[in-house]
Structure formats: C-alpha cells, structure tokens
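J.: Please find the sequence and the predicted model below.
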Amino acid sequence: MRVIVTGGAGFIGSALVRHLVVEKGHDVLTVDALTYAGCEASLREVEIRPNHRFLKANICDRVAMDSAIAAFRPDRIMHLAAESHVDRSITAAADFIQTNVVGTFTLLEAARAYWSELDIAAKSAFRFLHVSTDEVYGSLGDEGLFEEVTPYDPSSPYSASKAASDHLAKAWERTYGLPVVVSNCSNNYGPYHFPEKLIPLTILNALHGRPLPVYGKGENVRDWLYVDDHARALDLIIEKGRPGETYNVGGRNERRNVDVVRRICAVLDELVPTETPRESLIEFVTDRPGHDARYAIDATKLETELGWRAQENFDSGIEKTVRWYLENEWWWSPLRDRYDGQRLGLSKAFTAGVAA
C-alpha cells in the first residue's frame, strides 16, 4: 500500500505516519511545508526506514503536488496539512484561509487529475481522506453530542476555514466522483504535541514552575482523544469507510479545561514532587473571543460501522503523555526556545482593536 500523508511532520500527522510505516508496513511519502509547527524530529523513528520518504513542499503549490503524486503513484492520500491553532487564527486569519482552503482545493485538484488517469481497478481502489475537526460544528450546550449530520456553525477563523475545506472535499466527491472520505475529530493530545497547545503548554510550564494560564473560568468542555487512537481510526476509515461519508472520531472523555490542567498538575506532583502543589500555578486569564463552550463527539457510527474503539481513557492517556514529555526533552526543548509559553489568543494588536 502506497500512501501520501500531507502534514505528516505535524502532531497528528506524525503519529499517523509512525503507525502506517512501523505498524502497517506501508510505503509512505510524508509531505510537509515545515512551517512553525512542523517538526522533522517527530519522524525520527521512521526517517531511516526504507518504506518512508519525506518531501518538503507546500500543498498550495500545484506543480509540486502534481509532481509528487505522479512520481509516488499513491493508492491513498491522507490529507492532514492544516493551520490548526484557534489562538493564532484570531490574529493571523489569512494563513488559515490560504492553507486550509486554497491548499485543500489545490490538493483535491491534483488528486483528481491523477485519479482520472488511473485504470479501472486502481481508480476503484483509490481513496482520499480529508481530516477535519469537531470545531466546525460550533458549540454545544450542557447536553447533546456532535453527530455526522450536525449542521456546521463555526465560531473562529480556524473552524470556518476547516468548514470550508470540508465542503470542498464533499463537493469533489459529489461533482467529480473522487472517492473522498471525511473525518472530524475531537481534541487530540499525546506525544510530539507543539507546546503552544493547552496540554503540552501546561505540562512544560508546570514542570518549570511557570504560570498556568487558563481562559475565563476554565469551564469550557472538550472531548479528549489520545493521538495514537486517532491514528488507528484514520487508518481504519480510509481502509473501510464509504466514499462520500463522514466519520466522527471522539474519545468519550469530556473534561473542563481547568480539570485537565489540575489533572496534569496532580500527575506531575506524583512523578516529580515539589514542596508546593503545582495547582497553585493556575492563573485565570481573559477569555478569548468566540470561545466555544463545549465540544463532544458521538463516535457511534465509527464504532458500530467500522469497529473502532479508543484504547486509552483520559487518565491513562494523560499519564502516558506527561511521562513522554519528562523523558523526551530532546524533542521539545528546541521548540520551547522558539515559543515562550504564553497563550496567543489575545495579542496587543487585537486587544487594542477590541478596546477601540
């Protein structure tokens, strides 16, 4: 099986690449532009394996995409390349429109051109998986779950750009017959997670005795999914999922943000004790604009139709994650030098605009 993974040097993408190369033995071409969150070090486990290749390229570059696809001749394309941080989208929305919307369009067109020239058997077997987020559905109240038929209602530039890319992917299946499958996942966590996101930021700040910034009162609820469980789900979806369908991937692990932070503090206090409990480092900061109250995924379709189950609950997954960061400073230390551990949703320029 020959698979192209876009965004394969990112957090979820690198977990998927490691799974496909090491566990499944597939031939994989990782395509990544290596922007700030892309990290070749996340692929160290597979970099010398004969069934893995890496290409530094931008999905917005049609010539590069055509060339890569024509040379590699994939059976599958798994599209994860995206700008994904809500905080950054608030102050730099243009990057999200370019990568998530224009880039997805460019890749779909390159894939369609390649697919249309395949013989009947290869054309029938080919699949394109477009990986998205539960944030496209907007915000839930205290009850209910996001289902595959939940209407889209994005709140941030990030989620709006992903919603647009989802619509493009579905349209290319309906209009051109390109065998596209779409997945929407809940919040991921685990090893190799860029340290601006809540969980790795909290782990590293708590480890170093720095403030633990939590938006608002920390009552926003997310459904947490261990990244290796997600990688297995994506492999299963592209293997057995039906073209034109959407599959939601969730961990069934709802937690308030403040409780996530407290749990990380408790695990660190147990593994690396200090005189003062790390929970005392929590600081509630001004909430970001358009902050959705609650996300929760109904993964019933994936579980019943394709037989997937998450292997990690939140407590087991978060302990694995904390231990990984304690044992792998070689990976996160260079990134930490570039990123100072602050929340990014309210830049000076943005707050000045709000005040005006």
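T.: Thanks, I have the structure now.
J.: Contacts only, for residue 312.
T.: 226, 228, 229, 251, 320 (C-beta atoms under 8 Å, 6 or more residues apart in numbering). Where C-beta positions appear, they are placed from N, C-alpha and C, glycine not excepted.
J.: With respect to pLDDT, which of those residues ranks lowest?
T.: Confidence by pLDDT is poorest for residue 251 among the contacts of residue 312, given 92.
J.: if I pick that one, what's in contact with it?
T.: 186, 223, 224, 225, 226, 229, 297, 310, 312, 313, 314, 317.
J.: In this structure, mark out all the strands, start to finish.
T.: Under the criterion DSSP state E, the chain contains strands at 2-6, 27-32, 52-56, 76-79, 127-133, 180-185, 187-189, 212-215, 221-226, 246-249, 254-256, 282-285.
J.: And the furthest pair within the contacts of residue 312?
T.: Farthest-apart pair in the contacts of residue 312 is 251 and 320; separation 13.3 Å (C-beta to C-beta).
J.: any residues in contact with both of the two?
T.: Shared contacts of residue 251 and residue 320, defined by C-beta under 8 Å, 6+ apart, comprise 226, 312.
J.: circling back: could I get the strands of the chain as CSV with mean neighbour count?
T.: What follows is those, written out as CSV (neighbours: other C-beta atoms under 10 Å):
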stretch, mean neighbour count
strand 2-6, 25
strand 27-32, 26
strand 52-56, 18
strand 76-79, 26
strand 127-133, 25
strand 180-185, 25
strand 187-189, 24
strand 212-215, 22
strand 221-226, 24
strand 246-249, 25
strand 254-256, 18
strand 282-285, 14
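J.: could those strands go into JSON lines alongside distance to residue 240?
T.: Formatted as JSON lines, those follow (distance: least, C-beta to C-beta, whole Å):
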{"stretch": "strand 2-6", "distance to residue 240": "15"}
{"stretch": "strand 27-32", "distance to residue 240": "19"}
{"stretch": "strand 52-56", "distance to residue 240": "24"}
{"stretch": "strand 76-79", "distance to residue 240": "12"}
{"stretch": "strand 127-133", "distance to residue 240": "10"}
{"stretch": "strand 180-185", "distance to residue 240": "10"}
{"stretch": "strand 187-189", "distance to residue 240": "21"}
{"stretch": "strand 212-215", "distance to residue 240": "38"}
{"stretch": "strand 221-226", "distance to residue 240": "19"}
{"stretch": "strand 246-249", "distance to residue 240": "10"}
{"stretch": "strand 254-256", "distance to residue 240": "27"}
{"stretch": "strand 282-285", "distance to residue 240": "43"}
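J.: which residues sit against stretch 41-56?
T.: In contact with stretch 41-56 (C-beta under 8 Å, 6+ apart) are residues 8-11, 14, 17-18, 21-22, 25-34, 40, 64, 68, 72, 192, 330-331, 334.
J.: Can you flag the buried ones in those?
T.: Buried subset of those (neighbour count, 16 or more other C-beta atoms under 10 Å): 8-11, 14, 17-18, 21, 26-33, 64, 68, 72, 192, 331.
J.: Now go through these and say which are in helices.
T.: When DSSP state H defines the helices, the subset of the buried ones among the contacts of stretch 41-56 inside them is 11, 14, 17, 18, 64, 68, 72, 331.
J.: still on that earlier bit, out of the contacts of residue 312, which is nearest to residue 274?
T.: Nearest to residue 274 among these, with distances taken as C-beta to C-beta, is residue 320, at 21.4 Å.
J.: buried residues in stretch 304-315?
T.: 308, 310, 312, 314.
J.: Please list the members of these that lie in helices.
T.: Counting by DSSP H, those place residue 314 in helices.
J.: picking up where we left off before, TSV for the contacts of residue 251, including distance to residue 275?
T.: As requested, these are arranged in TSV below (distance: C-beta to C-beta, whole Å):
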residue	distance to residue 275
186	36
223	35
224	30
225	35
226	32
229	36
297	40
310	37
312	31
313	31
314	28
317	28
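J.: out of those, which one sits closest to residue 259?
T.: residue 314 (9.5 Å).
J.: from memory that closest one sits against residue 255, does it?
T.: Yes: at 6.2 Å, residue 314 and residue 255 qualify as touching, with contact defined as C-beta atoms under 8 Å.
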